[in-house]
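Asks: Just need the structure, nothing else, for what follows:
(chains A, B, C and D)
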Number of protein chains: 2
Amino acid sequence: MVVTIKDVAKLAGVSPGTVSNVFSSNRAVKAELVERVRKAAAELGYEPDRAASQLRAGKARVVAVLLPDLDNPFFTSLVASIEANVRDEGFDIIVASSHGDAVEEARRLSALLAWRPAGLVIVPCSDAFVSRKLVSGGGVPFVVADRVPSHFDGEAVTVDNVGAGTQAAEHLVRLGHRRFVVAASTLRLQNIRDRCEGIEAVLAREGLASPTLIEVGLDFDTASERLGVFMEGEQQATAFIALTNFATLGILASANRSGLSVPRDLSVVGFDDYSWMHAVSPPLTAIRQPVDMMGRVIWSRLRRHIVGRSEPVADERLSCDLVVRASTASPPSVGDALRIA
Amino acid sequence: MVVTIKDVAKLAGVSPGTVSNVFSSNRAVKAELVERVRKAAAELGYEPDRAASQLRAGKARVVAVLLPDLDNPFFTSLVASIEANVRDEGFDIIVASSHGDAVEEARRLSALLAWRPAGLVIVPCSDAFVSRKLVSGGGVPFVVADRVPSHFDGEAVTVDNVGAGTQAAEHLVRLGHRRFVVAASTLRLQNIRDRCEGIEAVLAREGLASPTLIEVGLDFDTASERLGVFMEGEQQATAFIALTNFATLGILASANRSGLSVPRDLSVVGFDDYSWMHAVSPPLTAIRQPVDMMGRVIWSRLRRHIVGRSEPVADERLSCDLVVRASTASPPSVGDALRIA
DNA sequence: CGATTTACGTAAATCGTTTTACAGAATTTC
DNA sequence: GAAATTCTGTAAAACGATTTACGTAAATCG
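Replies: Residues are numbered from 1 along each chain as shown, chains lettered A, B, ... in the order given. Alright, predicted model coming up:
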C-alpha cells in the first residue's frame, strides 16, 4: 500500500541496502547512484518508515515529554522550547500529561517508554517522583525539569528558586512593605518550598514577621477561590507574592472581587512572565523564569547522554530575573502620607 | 538489553505467540496461562515495543498533531483536549510545530507521516494548505482544525466564525457604539475573514460605517506595536473587537500605553477565554471558543475514519458564546450624558 | 459412538528497515 | 607488477512484535 524501500530500489535499479545507505548516509554511495535513488524516491514520495527503521537500528529519533498539565502555559512553553531545539536534529517529540496524578503518571510513563525513545523529559507531578525506578529501569536517558526532588542525583534542570523568592521579597521590602502574603501552589513541591525559603530568609533578616502562607492549589479556579476567602477575612498584608502563574491570577482575581486596587491597596509580584502580564492594567511586576533557556539546557543535557557521554551532572541552576512593572508600589501607610500631603 | 516478548515467554513457559495474544487480546488464552504470562511480564517489567508492534500489525496507536505555534495557548489547549480524549483509548500523540511557515509545515508533515500514524490533526499555517496533497497521498485519515480553507471538502472542525463576529458586534451595537475597530491577525485566513464578515454584516444592517480593520499579525509583540501606532493617531472609535487572543492582548497593551481606560474610553471584546481574562481588571468581555468540545469532535471524527467508516462529512460548526464581563460599556457619548446629569 | 467442530497452543513467516558478510573492482603499497 | 587495501555494491540475517498455518485435545452433534 504505502511505498517501501523495495519499491524505490526496484525503480532505481539498485538493492534495498543501497537505498538505505543513501538515506541514512551510513556508508558511502557513488554520486551517480545517489542521484538515481533520490530521484526514484522523490517520484514515489518515499519516506523511510520510522517504526521499521527504529526497530532495526535500535535507536529512536524521538524524545518523550511527560508533563503534569498541558493546559499550563509554563509547561507548554517549555515544550515549545524543547521542540524548537530537538527538531533541528531530526528528532520528534511525543508528549503526554499525567494530569497531576501519580498513578496516571506511572501509566503514561510506561506508555511513553514503550516507544523506546532516545530520551525523556519529565516534570514529575510530585516530589516523591515515585516513577523514578520505572524510568531508570528502562535505561532511557532522562532529565527531570522544574520540579526536582530534594536530594536528586540525576540530571535535573530547574531555576534558582531560592534566589527567585529572595528577589521578590527584597523588591517589596525596599518599597516599604512589612506584612507579606505568599500564594504558593502547594508546599509539597520542593521548588515551591525553595521559593518560600528565599522569601522567609529576607523577611527574617529584615526583622519582619513571617509571611502568611496560603496553599492555593494547582489550577486557577481553586486558587481564585481560596484567595477570595482569605481576602474577605480581615487582613492587613500589603505585599503579595505569587509562586506560580495560576497563583498570580488567583491573587488578581480575588483582589478584584474584593474591590481592592493594585498597587494602591496591595502590591503584587507575579510568577512567570506572559504577554498578558504586560498587556493588562496595571502591568505586572513578576519573577521571570528563563523558559527558553531551560529548554535549551534540557536538550543539551539529554543529548550528551544520548550520544553516550555521561559525565557527572553539573547542578547548575538557571537564574530568574525580576521584571519590575506597575503592580508594586509603596504600601498605603507610606503612600498615604504622600497622597494626603 | 531491554526485555522482549521472548524473555516473557521463556519465563512463563509458553510461546511468544501466546504472550502476544495475552497482551493484544487478539485470540483467547486460557485463564491459567494469562495469569502466568501477566505475572512473568510484571516481574520483568515488560511492555511491548511500539515500533515492532506497529510495524507488524500495520496499525499505529499514535496520532500526529501539527500546529502553527506551540506557544499559543489556543493551540496548546486544543492539544490538551485532544490528548485527554485519545489517551483513554491507548493512543499517544506526537506533536510538531510549523512555526507558521509553509515550507517548514511540509517538512514537519513528512516527518510526522513517516511514523505512519493512525490519524493526523493539522492546523495549517495558511489557507492555501499547500501540504494537502502530501497528506492525502499518505492515505492517513486527517482532520483540519480551526483554519479551514474556503471550499474544503475534507474533514474539518472549526467554529461558527461568522456567528462569533455577529455576536460581538451585536453586543457592542446594543450598547450604543457606532465606530468600530477590528483587530484581526491577518486577513489571509478564512476563519478571520469569516469573523470580519459577521461583524460587517451587523454594522451594515444597522446603517453604521464599516469597521476600521487592522491586521496585527500572529504574535503579541507585533500586535501590540501595530495597535500602538494606530491608537496614537487620531481616532474616534469606541468599540474594539479582537479576533484572536494575541489581538486581544495587543488592544489592551496599547490602550494602556496610550493612557486610555477600559471600558470608559473604549470597549473591548476579546477573543478566546483564558483565566487571565477574568482575573484582571476589568474582567474581559470575550468570545469563547469551545476548545474542549473541538478536541472531542476532532477525535470522534478521526476515530470514525480510523475504524474504517468514512461516511460523508457533516459540516457542522461549533458555536461560540459571548461571555459578557466588564470591558464593555456604553460609549462616552452616551455615558457622558449620564455621568454629567 | 464416530464425525465434526471448536478451543487453544506452537512454530514459522512476516512487517520495512538496517546491518553484516561477502565479493568484485579499483586503488594503493612496496 | 603482485599483494594488500579500500571502495562500493548485493544478498541475507537480523530487530521484536503479530499473524497465519497447523496440530492436538476437548466439546458438540446426529
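Asks: Can you report how many residues neighbour A:Ser261?
Replies: For A:Ser261, the count of nearby residues is 12 (other Cβ atoms under 10 Å in any protein chain shown). In this view, the C-beta of every residue, glycine as well, is placed from N, C-alpha and C.
Asks: er, A:Ala84 I mean
Replies: With neighbours defined by other Cβ under 10 Å, the count for A:Ala84 comes to 17.
Asks: check contacts around it.
Replies: Under the criterion of Cβ atoms under 8 Å, 6 or more residues apart in numbering or on different chains, the contact partners of A:Ala84 comprise A:Gly295, B:Ser97, B:His99.
Asks: Export those as JSON lines, with columns for distance to B:His305, pLDDT and secondary structure.
Replies: Supplementary listing: the contacts of A:Ala84 in JSON lines, determined by distance: Cβ to Cβ, whole Å; pLDDT from 0 to 100; DSSP: H, G, I helix; E, B strand; the rest coil:
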{"residue": "A:Gly295", "distance to B:His305": "34", "pLDDT": "97", "secondary structure": "helix"}
{"residue": "B:Ser97", "distance to B:His305": "24", "pLDDT": "98", "secondary structure": "strand"}
{"residue": "B:His99", "distance to B:His305": "28", "pLDDT": "96", "secondary structure": "coil"}
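Asks: if we take the residues you listed, which one ends up nearest to A:Pro48?
Replies: Of all the contacts of A:Ala84, A:Pro48 sits closest to B:Ser97, with 22.3 Å by Cβ to Cβ.
Asks: can you pick the most crowded of the contacts of A:Ala84?
Replies: Scoring the contacts of A:Ala84 on neighbours with other Cβ under 10 Å, the highest-scoring entry is B:Ser97 at 25 neighbours.
Asks: pretty sure that residue is touching B:Val65, no?
Replies: No. Using Cβ atoms under 8 Å, B:Ser97 is not in contact with B:Val65, being 9.6 Å away.
Asks: Run through the strands of chain A in chain order.
Replies: For chain A, the strands identified by DSSP state E occupy A:62-67, A:92-97, A:119-122, A:142-145, A:156-157, A:180-184, A:212-215, A:239-242, A:267-271, A:285-288, A:321-323, in order along the chain.
Asks: okay, those strands, which one's buried deepest?
Replies: Each of the strands of chain A was assessed for mean neighbour count using mean count of other Cβ atoms under 10 Å in any protein chain shown. The highest is strand A:239-242, with a mean of 31.
Asks: Strand partners (parallel or antiparallel) of it?
Replies: Strand A:239-242 sits in its sheet next to strand A:180-184 (parallel), strand A:267-271 (parallel), going by DSSP bridges.
Asks: Mean pLDDT and distance to DNA strand C added to these, as CSV?
Replies: What follows is those, written out as CSV (pLDDT from 0 to 100; distance: least, Cβ to the nearest atom of the strand, whole Å):
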stretch, mean pLDDT, distance to DNA strand C
strand A:180-184, 97, 49
strand A:267-271, 98, 45
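Asks: Including distance to DNA strand D, could those go into a markdown table?
Replies: As requested, these are arranged in a markdown table below (distance: least, Cβ to the nearest atom of the strand, whole Å):
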| stretch | distance to DNA strand D |
| --- | --- |
| strand A:180-184 | 43 |
| strand A:267-271 | 43 |
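Asks: would JSON lines of the strands of chain A with distance to B:Val86 be doable?
Replies: What follows is the strands of chain A, written out as JSON lines (distance: least, Cβ to Cβ, whole Å):
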{"stretch": "strand A:62-67", "distance to B:Val86": "15"}
{"stretch": "strand A:92-97", "distance to B:Val86": "10"}
{"stretch": "strand A:119-122", "distance to B:Val86": "20"}
{"stretch": "strand A:142-145", "distance to B:Val86": "23"}
{"stretch": "strand A:156-157", "distance to B:Val86": "28"}
{"stretch": "strand A:180-184", "distance to B:Val86": "33"}
{"stretch": "strand A:212-215", "distance to B:Val86": "32"}
{"stretch": "strand A:239-242", "distance to B:Val86": "33"}
{"stretch": "strand A:267-271", "distance to B:Val86": "31"}
{"stretch": "strand A:285-288", "distance to B:Val86": "34"}
{"stretch": "strand A:321-323", "distance to B:Val86": "38"}
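Asks: Tell me who's in contact with A:Cys320.
Replies: Residues in contact with A:Cys320, defined by Cβ under 8 Å, 6+ apart, are A:Val159, A:Asp160, A:Gly163, A:Ala164, A:Gln167, A:Ile287, A:Arg288, A:Gln289, A:Pro290.
Asks: near DNA strand D, anything from stretch A:23-33?
Replies: Yes. Residues of stretch A:23-33 are located near DNA strand D by Cβ under 7 Å from any atom of the strand, namely A:Arg27, A:Ala28, A:Val29, A:Lys30, A:Glu32, A:Leu33.
Asks: Selection in ChimeraX covering whichever of those are buried, please.
Replies: What follows is the ChimeraX syntax selecting those of the residues of stretch A:23-33 next to DNA strand D that are buried according to 16 or more other Cβ atoms under 10 Å in any protein chain shown:
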select /A:29,33
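Asks: Which single one of the residues of stretch A:23-33 next to DNA strand D is nearest to A:Asn72?
Replies: Relative to A:Asn72, and with distances defined as Cβ to Cβ, the nearest of the residues of stretch A:23-33 next to DNA strand D is A:Arg27, at 46.1 Å.
Asks: Verify the stated contact: that closest one with A:Asn21.
Replies: Yes. Using Cβ under 8 Å, A:Arg27 and A:Asn21 qualify as a contacting pair, with a distance of 4.6 Å.
Asks: For the stretch 201-341 of chain A, which residues are neighbours of chain B?
Replies: Contacts of the stretch 201-341 of chain A with chain B, taken as Cβ under 8 Å from any Cβ of the partner chain, map to A:220, A:224, A:246, A:249-250, A:252-253, A:256, A:262, A:274-276, A:278-281, A:283.
Asks: Sort out for me which of these are in helices.
Replies: With helices defined by DSSP state H, the entries of these inside them are A:Phe220, A:Ser224, A:Phe246, A:Leu249, A:Gly250, A:Leu252, A:Ala253, A:Asn256, A:Ser275, A:Trp276, A:His278, A:Ala279.
Asks: Farthest-apart pair in those, please.
Replies: Comparing every pair within those by Cβ to Cβ identifies A:Ser224 and A:His278 as the most remote, at 21.2 Å.
Asks: between the two, which one's more packed in?
Replies: When A:Ser224 is set against A:His278 and neighbours are counted by other Cβ under 10 Å, the residue ahead is A:Ser224, at 24 against 21.
Asks: what's that one in contact with, if anything?
Replies: By Cβ under 8 Å, 6+ apart, the contact set of A:Ser224 is A:Leu249, A:Gly250, A:Ala253, A:Ser254, B:Ala279.
Asks: For B:Asp92, see how far away it is.
Replies: Taking Cβ to Cβ, to the nearest Å as the measure, A:Ser224 and B:Asp92 are separated by 33 Å.
Asks: a markdown table for the contacts of A:Cys320, including distance to DNA strand D and pLDDT?
Replies: Written out in a markdown table, the entries for those read as follows (distance: Cβ to the nearest atom of the strand, whole Å; pLDDT from 0 to 100):
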| residue | distance to DNA strand D | pLDDT |
| --- | --- | --- |
| A:Val159 | 38 | 97 |
| A:Asp160 | 42 | 97 |
| A:Gly163 | 45 | 98 |
| A:Ala164 | 44 | 98 |
| A:Gln167 | 50 | 98 |
| A:Ile287 | 45 | 98 |
| A:Arg288 | 44 | 98 |
| A:Gln289 | 39 | 98 |
| A:Pro290 | 39 | 97 |
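Asks: Looking at those, which one is closest to DNA strand C?
Replies: Taking Cβ to the nearest atom of the strand as the measure, DNA strand C sits nearest to A:Pro290 out of the contacts of A:Cys320, at 36.7 Å.
Asks: rewinding a little: report the set of residues contacting both of A:Arg27 and A:Asn21.
Replies: Common neighbours of A:Arg27 and A:Asn21 (Cβ under 8 Å, 6+ apart) do not exist.
Asks: gap between A:Gly58 and DNA strand D?
Replies: The gap separating A:Gly58 from DNA strand D is 6 Å, by Cβ to the nearest atom of the strand, to the nearest Å.
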